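K.L.:
My questions concern the predicted model and sequence given below.
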Amino acid sequence: MIYDEIKNIDLYNLDKHAVNFIKNLTTDIECKKYILNDNVYANIEEYQTKESGFFEAHKKYIDIQLLLKGEEIIEYTPLENLKIKENYDSLKDIAFYYDVTLPVIKLKMQPNFFTVLYPTDAHKPQLKISDAQKVKKVVVKIKTD
């Protein structure tokens, strides 16, 4: 897992198409799916943050997540210690996990910050900070091969 400011994104060995897309984002970009190449795509979406959720993880794609508007918490914990709630769905590239009493890192997501989540990184996104709010989020998906 990586958590840093977007101004530092070039410090990491990330896909150049993903990085260029992120560097050129504006807050008025349309909410939809953007195909960047055969191995990279981005989803732009708006939603209300929520009180709770479940941990999730992916096998085929790395996530780069960032907010264009609003704030949310993404909770992070290593995948290896979680118990399966919903088995891996290969079509959606996602599995869900129950909360357990493990150390959890809370990442405060806001504009100008990003996180990179690898297949071993369980994460619980879309959580409210205090009150629920509408956010605009970018999730860039990079195929792991």
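P.N.:
Sure, I can see it.
K.L.:
Can you give me the buried ones in stretch 126-138?
P.N.:
126-128, 135-138 (16 or more other Cβ atoms under 10 Å). In short, each C-beta sits where N, CA and C put it, glycine included.
K.L.:
Same check on stretch 1-16?
P.N.:
1-3, 9, 14-15.
K.L.:
Narrow those to those in strands?
P.N.:
2-3 (DSSP state E).
K.L.:
of all the buried residues of stretch 1-16, which two lie farthest apart?
P.N.:
Y3 and D15 (18.1 Å; Cβ to Cβ).
K.L.:
what about the strands in this protein?
P.N.:
Using DSSP E, strands in the chain cover 2-5, 33-37, 40-48, 55-57, 61-69, 72-78, 83-89, 94-98, 105-109, 113-117, 121-127, 134-143.
K.L.:
Could I get those strands in a markdown table, plus columns for distance to T26 and mean pLDDT?
P.N.:
Converted to a markdown table, these look like this (distance: least, Cβ to Cβ, whole Å; pLDDT from 0 to 100):
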| stretch | distance to T26 | mean pLDDT |
| --- | --- | --- |
| strand 2-5 | 18 | 98 |
| strand 33-37 | 13 | 98 |
| strand 40-48 | 11 | 98 |
| strand 55-57 | 28 | 96 |
| strand 61-69 | 8 | 98 |
| strand 72-78 | 20 | 94 |
| strand 83-89 | 33 | 95 |
| strand 94-98 | 28 | 94 |
| strand 105-109 | 18 | 96 |
| strand 113-117 | 16 | 98 |
| strand 121-127 | 22 | 96 |
| strand 134-143 | 11 | 98 |
